[in-house]
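Participant: fold the following, please.
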Amino acid sequence: MIITVTPSPAIDWTVNVDSFEFAAVNRVASRTREPSGKGINVSVALHRNGVPTAAIFPAGGDTGRFMAGDLRRQGIEIIPVESPRDVRTNITLIVPGQSGTKINEPGEPLEPEVMESLRTACEDALLAADAANQGSPVMLAICGSLPPETPEWFHSGMIEVGRQARAIVIVDASGDVLRRAIPEKPDLIKPNVHELAEETGHSIETLGDVSEAAQELRRRGAGAVLASLGGDGMMLVDADGAIHGTATDIAVVNTVGAGDAALAGYLAGLDQRLDRAACLASALAYASSAVGHQTTLFDVDPHIAERVTVTDAFDRDRRLSEPALAQMTQDSRATAAGT
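Facilitator: Predicted structure coming up:
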């Protein structure tokens, strides 16, 4: 069972246009509205592909009711936590020939009682999953940004909840949230290449740079690092070293949500107790299937598996197609932190 926690869920409003021009009237060709947020996306992808999951999230107002109702209609097990705040709405604009453009609203602050209810819901869900365990590992995925004014201890508290339940704990976040979570020793983190560069303060231009940056984060506390590299595939770095995977001949319609799909695929592999290479291949299959759809709803294309390659004998000097340069050097980060 894979339990996801999304402290800042969203309604994804996807708008498709035949063409787009700034400062002009643009006509909508089609539109969709669906529940979203990193953990929600992971649970939706898992459920659509037959993997047991439950999604925990705060849900308030009309948007919260819409989110809960839509997820129930899809047959997904959900644990909505009552909140006095509406769920935010994000807009994804899709123009032919371009990657999706996303406009995200900030999350709403979580009241202390809502945060406590999220923690209790997580404890109860893990306990139930452990009692019903039929041989598959129990996993807790804490996903996405934190709403404004959320205390720093939120992720550390959630990681501790997972640890006490003997669950595999995953954190998919960025910036300060990721930085604070790593010393709490989650079993897995899932940064993209730009987040790797930002977190380590190093320029990342080659596959070798990716491996070295991931190992640095492991030394800081992360058990394993699953790094999304965009068109350059994915890399898994854990106690057994680094493996790199790619998928070829993939039609790209919309890249929004591809990272969430990749995490879902990797966790699906863990749920089936696959080896590390097969888990990475599953991540690539999910992500490659997701980018072929206009929304975050997708089914895994079984034919993609034959176009996925995973190896530990990759060329460490191979340059990334879009190198990620660190936004701050280690020295400037230390200066900004006042150390």
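
Participant: the spatially most central residue of the chain in helix, strand or coil?
Facilitator: Geometric centre of the chain, nearest residue: residue 260, 3.8 Å, by CA atoms, centre = their mean. Following DSSP: H, G, I helix; E, B strand; the rest coil, the label given to residue 260 is helix.

Participant: hang on, isn't it packed against residue 12?
Facilitator: No. Using CB atoms under 8 Å, residue 260 makes no contact with residue 12, being 11.1 Å away. Every residue, glycine included, has its C-beta placed from N, CA and C.

Participant: how about low-confidence regions in the stretch 151-300 of the chain?
Facilitator: Within the stretch 151-300 of the chain, the segments meeting pLDDT under 70 span 254, 294-296.

Participant: residue boundaries of the helices in it?
Facilitator: 153-164, 175-181, 193-200, 207-220, 258-271, 276-290 (DSSP state H, counting those that start in this stretch).

Participant: surely residue 270 meets residue 168?
Facilitator: Yes. With contact defined as CB under 8 Å, residue 270 counts as touching residue 168 (6.9 Å).

Participant: residue contacts, residue 170?
Facilitator: 139, 140, 141, 142, 143, 186, 187, 188, 189, 190, 263, 267 (CB atoms under 8 Å, 6 or more residues apart in numbering).

Participant: which residue packs closest to the residue nearest to the centre of the chain, ignoring adjacent ones?
Facilitator: In space, and not counting its chain neighbours, residue 260 is closest to residue 41: 3.7 Å by CB to CB, 6 or more residues apart in numbering.

Participant: for residue 261, see how far away that neighbour is.
Facilitator: Shown here: residue 41 relative to residue 261, a distance of 7 Å by CB to CB, to the nearest Å.

Participant: between the two, which one's more packed in?
Facilitator: Set side by side, residue 41 and residue 261 show more neighbours around residue 41, with 32 against 28, by other CB atoms under 10 Å.

Participant: quick one: the helix or strand containing the more buried one to chain centroid distance?
Facilitator: Residue 41 is part of helix 38-48, with elements assigned from DSSP states H and E. Relative to its chain's centre, helix 38-48 lies at 10 Å (CA atoms, centre = their mean, to the nearest Å).

Participant: neighbouring contacts of that helix?
Facilitator: Outside helix 38-48, the residues touching it (CB under 8 Å, 6+ apart) are 2, 4-6, 9-10, 35, 52-57, 67, 71, 74-77, 141-144, 172, 257, 260-261, 263-265, 267-268, 286, 290, 296-299.

Participant: would you mind getting the angle between the helix or strand that that helix is followed by and helix 153-164?
Facilitator: Using DSSP H and E, the helix or strand that directly follows helix 38-48 along the chain is strand 53-59. Here the directions of strand 53-59 and helix 153-164 differ by 150 degrees (axes from the mean of the first three to the mean of the last three CA atoms, to 10 degrees).

Participant: and strand 53-59, what other elements does it pack with?
Facilitator: For strand 53-59, the elements it packs on are strand 2-5, helix 38-48, helix 61-73, strand 77-82, helix 112-131, judged by 3 or more CB pairs under 8 Å, 6 or more residues apart in numbering; DSSP states H and E.

Participant: export only the CA atoms of the second one, formatted as CSV.
Facilitator: Taking only C-alpha atoms (Å, rounded to 0.1, in the frame of the first residue of the first chain), the coordinates of helix 38-48 have been written out as CSV:
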residue,chain,number,x,y,z
LYS,A,38,2.0,16.1,-6.3
GLY,A,39,0.7,13.4,-3.9
ILE,A,40,-2.8,13.4,-5.5
ASN,A,41,-1.2,12.9,-9.0
VAL,A,42,0.9,10.0,-7.6
SER,A,43,-2.2,8.3,-6.1
VAL,A,44,-4.2,8.8,-9.3
ALA,A,45,-1.5,7.3,-11.5
LEU,A,46,-1.1,4.4,-9.1
HIS,A,47,-4.8,3.7,-8.9
ARG,A,48,-5.3,3.9,-12.7
